[in-house]
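> For reference, the sequence and a predicted model appear below.
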Amino acid sequence: MIKRRFRFMKHFQSSFYRTAAALAALLALAGAGQAASKLNIVATTQDLAALAREVGGDRITVESIAKGYQDPHFVEAKPSYLLRLMKADLLVAVGLQLEIGWLPPLQTQSRNSKIQVGAPGYLDVSSYCKILEIPAGQITRAMGDVHPMGNPHYWLEPENGRRIVKAIQQKLSEMRPDDAPYFGERYEDFSRRLTDAEKRWDAKMAPYRGRKVITYHRSWPNFSQRFGLDVVDYVEPKPGIPPTPQHTLDVINTMKRQGIKLILVEPYFDLRTPNSIAQQTGGQVLVLLPSVGGVKEVNDYFQLFDYDVNLLTEAFAKAK
Ligand SMILES: [Zn+2]
């Protein structure tokens, strides 16, 4: 029955079948070619992976090493990361020594010449961004300060997000000139959506400009400058140095004196000191996300700012 039907169709539609078969083979070939030619990108953080995805679309695959709920200064170097780096065409990094504790050994051990510092497949996006808190004079990690070259949390400012995407667009276009128009269009689209989102975030934050806060780590200078927060002090005495009793006492006194009620804490820090400060000052601890992936519903750059702006404005509105 099937055979008879096949013969019947073959008789009448042989040319159609030949064309269809040729088309299917072509499509398979094109699909395989496209899949094989996808640029394999490793980003050191989920923020950079999210931004690379914005511009790379379906022409890239991208994975991140540090997860958004981890302290990016201190990441445990797992063997699975090494495997990713061995296969990478491009490594995108935050730089300014953010990854100095874990990335250089992974790069070396990967033996992938494409992604070593100075090679075309290594992109440190800090050089394209506005960097704050650059120390005057000698560069030093004195007393364990983990920000010796300026503040490495600079992605927390939309204009820097835009510059990062632009830098990745230029790099991808160099690596894949045929796809340059595609990357260019995706950059323009991202930039337009970001401009719209910035209006939304500015409008929500506007009533609270100048509000004083304490933060745990120095993660927020770019964010604060952009949205008008006044960060008065930090739970850490220096970036990367755990709280000390004396410094904690100073923070409590500062908060009492200036009527500060909000302590912003990154999701990877111990809450005991912030909670005890809050108790003694009548303040509130707010876990604000410095990175995409800090909680599972925050999957891209826009959701990150939406999340933080909502959390902050709700807390400010309640505090009056
Ligand atoms: Zn830091």
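All right, it came through fine. Computed from a predicted structure; not experimentally measured. Numbers count the residues shown, from 1 in each chain.
> just the strands in the stretch 101-250 of the chain please.
With strands called from DSSP state E, counting those that start in this stretch, the stretch 101-250 of the chain shows them at 122-124, 212-215, 230-234.
> and of those strands, who's closest to residue 296?
Proximity to residue 296 (CB to CB) singles out strand 212-215 among those, at 23.2 Å. Placement of C-beta: from N, CA and C, glycine included.
> For the closest one, give me every contacting residue.
Applying CB atoms under 8 Å, 6 or more residues apart in numbering, the external contacts of strand 212-215 come out as 229-235, 251, 254-255, 258-260, 262-265, 277, 283, 288.
> Among the residues you listed, which are located in helices?
251, 254, 255, 258, 277 (DSSP state H).
> returning to that earlier point: buried only: go through the contacts of strand 212-215 for me.
Taking 16 or more other CB atoms under 10 Å as the criterion, what is buried in the contacts of strand 212-215 is 229, 231, 233-235, 251, 255, 260, 262-265, 277, 283, 288.
> from those residues, which is closest to residue 316?
For the buried ones among the contacts of strand 212-215, the nearest to residue 316 is residue 262 (7.6 Å; CB to CB).
> show me where pLDDT drops low in the stretch 1-150 of the chain?
Low-confidence regions of the stretch 1-150 of the chain, defined here as pLDDT under 70, cover residues 1-36, 139-144.
> how about a cut-off of 80?
Scanning the stretch 1-150 of the chain for pLDDT under 80 picks out the ranges 1-36, 137-144.
> What separation is there between residue 66 and residue 75?
Distance, residue 66 to residue 75, using CB to CB, to the nearest Å: 5 Å.
> Comparing those two, which shows the higher neighbour count?
Counting neighbours by other CB atoms under 10 Å for residue 66 and for residue 75 shows that residue 66 has the greater number, 27 against 20.
> My read is that the more buried one contacts residue 48, right?
No - using CB atoms under 8 Å, residue 66 is not in contact with residue 48; the gap is 9.4 Å.
> before we move on, the earlier item: need the strands of the stretch 101-250 of the chain in JSON lines with distance to residue 172, can you?
As requested, the strands of the stretch 101-250 of the chain are arranged in JSON lines below (distance: least, CB to CB, whole Å):
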{"stretch": "strand 122-124", "distance to residue 172": "10"}
{"stretch": "strand 212-215", "distance to residue 172": "34"}
{"stretch": "strand 230-234", "distance to residue 172": "35"}
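> nearest to residue 192, of those strands?
strand 122-124 (23.5 Å).
> The closest one pairs with which strands, and in what direction?
Using DSSP bridges, the strands paired with strand 122-124 are strand 90-93 (parallel).
> okay, the partner strand in CSV with CA atoms only?
Taking Å, rounded to 0.1, in the frame of the first residue of the first chain, the C-alpha atoms of strand 90-93 are listed here in CSV:
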residue,chain,number,x,y,z
LEU,A,90,37.0,35.0,22.6
LEU,A,91,37.4,35.8,26.3
VAL,A,92,35.7,38.9,27.5
ALA,A,93,36.9,40.2,30.9
